[in-house]
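Visitor: here is a sequence with its predicted model. Questions after.
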Amino acid sequence: MAQEPSRAQQLLGDLAPKMVQLTDDVLFGDVWKREGLSPRDRSLITVSVLAATYRPDQLNSHLRLALENGLSRDELVEALTHLAFYAGWPSGMGALTQLKGIVDDQTQ
């Protein structure tokens with residue numbers, strides 16, 4: 001049975017195969033698998049950085065991954081609210097709006 005293409009492969013596989021290989025093998029195959037931080041903690045850090053630097057395209061998939069990795073909706077709301085005071089109100093509000101859309105989609 002063939003393995004389903006990764007999200008990176010779906011998005012960029014035919015355009016940037018090396019970037020996809022690095023994403024799949026190094027970032028998610030090595031960095032995300034390292035001991036020392038749980039996937040949950042890595043998700044919290046990643047969501048925070050992506051929200052703080054206003055990277056909405058990447059944030060969307062990482063908010064979903066954070067929920068899969070065990071962060072609750074309420075924990076993400078609290079982290080993003082806290083972040084708004086340090087990274088800027090628009091970054092916090094934008095991230096919370098994205099989270100709301102994801103949560104709303106999951107409850108339908």
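Guide: Arrived safely.
Visitor: CA only for contacts and neighbour counts going forward, please
Guide: Noted.
Visitor: helices or strands next to the strand or helix carrying Met19 in the packing?
Guide: In the assignment (DSSP states H and E), Met19 maps to helix 17-21. Helices and strands touching helix 17-21, by 3 or more CA pairs under 8 Å, 6 or more residues apart in numbering; DSSP states H and E, are helix 7-12.
Visitor: quick check: closest non-adjacent residue to the spatially most central residue of the chain.
Guide: The residue lying closest to the centre of the chain (CA atoms, centre = their mean) is His62, at 1.2 Å. Of all residues not flanking His62 in the chain, Val47 sits nearest, at 6.1 Å (CA to CA, 6 or more residues apart in numbering).
Visitor: surely that neighbour touches Pro56?
Guide: No: using CA atoms under 8 Å, Val47 is not in contact with Pro56; the gap is 10.0 Å.
Visitor: between these two, point out the one with more neighbours.
Guide: Taking neighbours as other CA atoms under 10 Å, Val47 and Pro56 compare with Val47 leading, 26 against 15.
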